[in-house]
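A.B. asks: Could you work out the structure for the sequence below:
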Amino acid sequence: MRRTKEDAEYNRQTILDAAEALFITNGVSRTSLEMIARECGFTRGAVY
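C.D. replies: Purely as a prediction, here's the structure:
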């Protein structure tokens, strides 16, 4: 299935929102990619 630009932008914004919330809560140095992926329901690969 091919992703559209809208899908990609939605995923990007979802990841950024999850990361921001976790950074506020845990700090940047204590937030992992795994935590961000889990928060937004994506795989680590999607976060990369």
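A.B. asks: all contacts plus neighbour counts: C-alpha atoms, from now on.
C.D. replies: Fine.
A.B. asks: Which residues are in contact with the residue most central in space within the chain?
C.D. replies: In the chain, the residue lying closest to the centroid (C-alpha atoms, centre = their mean) is residue 15, at 2.4 Å. Contact analysis of residue 15 by C-alpha atoms under 8 Å, 6 or more residues apart in numbering lists 36, 37, 40, 47.
A.B. asks: Give me the ChimeraX select line for those residues, limited to the buried ones.
C.D. replies: Selection of buried members from the contacts of residue 15 for ChimeraX, criterion 16 or more other C-alpha atoms under 10 Å:
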select :36,37,40,47
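A.B. asks: Between all of the contacts of residue 15, which two are at the greatest distance?
C.D. replies: 40 and 47 (9.5 Å; C-alpha to C-alpha).
A.B. asks: Can you give me the buried ones in the helix or strand where residue 6 lies?
C.D. replies: Mapping residue 6 onto the secondary structure by DSSP states H and E places it in helix 5-26. Buried residues in helix 5-26, counted by 16+ other C-alpha under 10 Å: 11, 14, 15, 18, 19, 20, 22, 23.
A.B. asks: what pLDDT, on average, does the very next helix or strand once past that helix get?
C.D. replies: Sequence-wise, the next helix or strand downstream of helix 5-26 (DSSP H and E) is helix 33-40. Helix 33-40 shows a mean pLDDT of 96.
A.B. asks: Any chance you could list what contacts helix 33-40?
C.D. replies: Contacts of helix 33-40 (C-alpha under 8 Å, 6+ apart): 14, 15, 18, 19, 22, 43, 44, 46, 47.
A.B. asks: again, only using 6 Å
C.D. replies: If you take C-alpha atoms under 6 Å, 6 or more residues apart in numbering as the criterion, helix 33-40 is touched by 18, 19, 43, 44.
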